[in-house]
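Visitor: turn this into a model:
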Amino acid sequence: MKNTEELHPATMQDYVLVYSPVILAVLAAHIVGSTSSFRYWLAVCAIPNEVPIRALQPQKRPWRTILMYAAVYVTLCVALYNTYHAMGRELPDVDAILTSFLLPVAIFVISGILTTYTALPVTSVHRNSAGALVNHLAQTDGSKSRSVVYLFLSIAICIGTFIAESDVFVIFTVFASIVMYSRWCHQGFNSLKQFAMAFANYVVVVVCIIIMFLLTKWPVDGYTWNLSRRALTYPVWINGITWSAMLVSLTSFCLRLDYHIHVERSTIVSVDTFAVKTAPPPPSELGLGSGAVIPSHIPTKFSKPYFFTSIAAAVCAAVASLACILILGATIGHPTAGIFLCMMTAVAFPIQYFAVLGVAVLRGEWRLVSQYKEEWVRKPIPAKSGTGGLEEGSGGMLESEPLLNASKDSYDNN
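Guide: Residues are numbered from 1 along each chain as shown. Below you'll find the predicted structure:
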């Protein structure tokens, strides 16, 4: 929140103008995050089952590289401090330290969302000898220039977010962060039980932090109070983004579950719609086997009851949270918007979770939904054995063949 921004009693129009962009950012993240995760999952299912050649052990980074990164970080902190001091920020030292941590992450996140949404450069998914997934960007003529454009665009957006504190760029950064964080955690939440356990643990941690914060005696004025008030703005937004990423991961899981049920009950699979191109092992990265290209679109001709249920539950939770803010008469400001994001996502998760379970009971699919589990990472692949030791899962042979038909045409690396 800027120093010149004052809290004031808000009207209904003010609430709608301030909080509706936050709601739209979360709902848009549900759509974009779910479809991008689904496209990635289709590529994982089409990875050929083969034993990649083991790569040499990577060399450790020398101390010279570590010192170079440290020098860049210190230079960034000094530059941000001088910038915030010239802008007249109340606590330029705190803003400089926090921004120097968040700025590189935000640049990486926004570049990732631009690459994911445009499906350019072409990205393929491979497995290494340990069975883990590795992404590889195609080295085409325009891939480097496109990556540079994405980088400079990400830097411009981050400057508008952290330095100018433009609301438009703040909302876009929140949206991009939710989508990318949900992609990073979708491999950890591979069943409904995992979602419930993660949410319960997260609630316990947050409640303990709140209790410790309330029991701590904070000074009502002075530098320490201003420092704590400013520093807490960032964790509130990060906490809201983390909770929102969990919601998007649940919606993504529901979309993949709908497709899994569709395939289990279908007798004919359209080759044209579900075809995924295979990719040869990249010569620049040793230890990777053949992979599959992430498709630029998703299959649309299948029923999505659980996906739409999750989206509808998120909308209901957002409306209910906005109504609570109106009844409580909260003030307007960036910290309040972050608190609203945390409250909305905390309310939305149990609503989405139990709504999905309720639809499963009504459709007579309770056992199927409760026992459905995805396996993203396989057990280590033996060096001299076949594929018989592979663990069955979403990317395994038994499930990848009926899920989709992999095209035999490999994409061109040149």
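Visitor: in the helix or strand where I31 lies, what's buried?
Guide: Applying DSSP states H and E as the criterion places I31 in helix 12-45. For helix 12-45, the neighbour count (16 or more other CB atoms under 10 Å) marks 15, 18-19, 21-23, 25-27, 29-30, 32-45 as buried. All C-beta atoms are positioned from the backbone trio N, CA, C, and that covers glycine.
Visitor: please apply the same query to stretch 233-242.
Guide: Neighbour-count burial for stretch 233-242 [16+ other CB under 10 Å]: 233-234, 236-242.
Visitor: swap in stretch 71-85?
Guide: Residues of stretch 71-85 classed as buried by neighbour count (16+ other CB under 10 Å): 76-77, 80-81, 83-84.
Visitor: try stretch 299-308
Guide: Burial within stretch 299-308, assessed by neighbour count using 16+ other CB under 10 Å, is assigned to 299, 302, 304-307.
Visitor: low-confidence ranges in the stretch 251-400 of the chain?
Guide: Along the stretch 251-400 of the chain, segments meeting pLDDT under 70 span 267-274, 329-335, 377-400.
Visitor: show me where it has its helices.
Guide: 271-274, 305-328, 334-362, 366-371, 397-403 (DSSP state H, counting those that start in this stretch).
Visitor: looking at the ones you listed, which is nearest to L102?
Guide: Comparing the helices of the stretch 251-400 of the chain against L102 with CB to CB, the closest turns out to be helix 334-362 (13.6 Å).
Visitor: now do the closest one: which elements does it pack against?
Guide: With contacts taken as 3 or more CB pairs under 8 Å, 6 or more residues apart in numbering; DSSP states H and E, helix 334-362 sits against helix 12-45, helix 192-215, helix 233-264, helix 305-328, helix 366-371.
Visitor: switch to 6 Å and redo it
Guide: helix 12-45, helix 233-264, helix 305-328 (3 or more CB pairs under 6 Å, 6 or more residues apart in numbering; DSSP states H and E).
Visitor: what's the first helix or strand after the longest one?
Guide: Sequence-wise, the next helix or strand beyond helix 12-45 is helix 63-87, with elements assigned using DSSP H and E.
Visitor: so what's the gap between that following helix and the chain middle?
Guide: Centroid separation for helix 63-87 versus its chain: 27 Å, with CA atoms, centre = their mean, to the nearest Å.
Visitor: show me what it is in contact with.
Guide: 92, 95-96, 99-100 (CB atoms under 6 Å, 6 or more residues apart in numbering).
Visitor: again, only using 10 Å
Guide: The contact list for helix 63-87 (CB atoms under 10 Å, 6 or more residues apart in numbering) reads 2-3, 61-62, 89-101, 103-104, 159, 162-165.
Visitor: just the buried residues of these.
Guide: Buried among these (16+ other CB under 10 Å): 89, 91-92, 94-96, 98-100, 103, 162-163, 165.
Visitor: between those, which is closest to F253?
Guide: L103 (31.1 Å).
Visitor: does the closest one touch I159 like I think?
Guide: Yes. L103 is in contact with I159 according to CB atoms under 10 Å; the separation is 8.8 Å.
Visitor: could you list the low-pLDDT ranges of the stretch 1-150 of the chain?
Guide: Across the stretch 1-150 of the chain, residues meeting the criterion (pLDDT under 70) sit at 1-16, 51-61, 119-120, 139-144.
Visitor: isn't R265 up against R363?
Guide: No. The criterion here is CB under 10 Å, and R265 misses it with R363 at 11.8 Å.
Visitor: those two: who's more crowded?
Guide: Taking neighbours as other CB atoms under 10 Å, R265 and R363 compare with R363 leading, 13 against 9.
Visitor: show me the contacts for the more buried one.
Guide: For R363, the contact set (CB under 10 Å, 6+ apart) comprises 261, 305-306, 369.
Visitor: farthest pair in the residues you listed?
Guide: Farthest pair in these (CB to CB) is P305 and V369. Separation: 10.6 Å.
Visitor: quick check: neighbours shared by the two?
Guide: Residues touching both P305 and V369 (CB under 10 Å, 6+ apart): 254, 257, 261, 356, 359-360, 363.
Visitor: and A317, how many neighbours?
Guide: For A317, using other CB under 10 Å, the count is 24.
Visitor: for it, what are its contacts?
Guide: By CB under 10 Å, 6+ apart, A317 lies in contact with 23, 26, 247, 343-352, 355.
Visitor: ranking the residues you listed by neighbours, who comes first?
Guide: Ranked by neighbour count (other CB under 10 Å), the contacts of A317 have L247 at the top, with 29 neighbours.
Visitor: okay, it: pLDDT?
Guide: Confidence at L247, expressed as pLDDT, is 89.
Visitor: just to check, it is in contact with H30?
Guide: Yes. The criterion here is CB under 10 Å, and L247 meets it with H30 at 7.1 Å.
Visitor: overlap in contacts, those two.
Guide: The contact sets of L247 and H30 overlap at 178, 182, 310, 314, 348, 352 (CB under 10 Å, 6+ apart).
Visitor: any chance of a markdown table for those, columns distance to M197?
Guide: Converted to a markdown table, these look like this (distance: CB to CB, whole Å):
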| residue | distance to M197 |
| --- | --- |
| I178 | 21 |
| S182 | 17 |
| S310 | 18 |
| A314 | 21 |
| A348 | 18 |
| Q352 | 16 |
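Visitor: what's the closest of those residues to C324?
Guide: Once CB to CB is applied, the member of the shared contacts of L247 and H30 that ends up nearest C324 is A348, at 12.6 Å.
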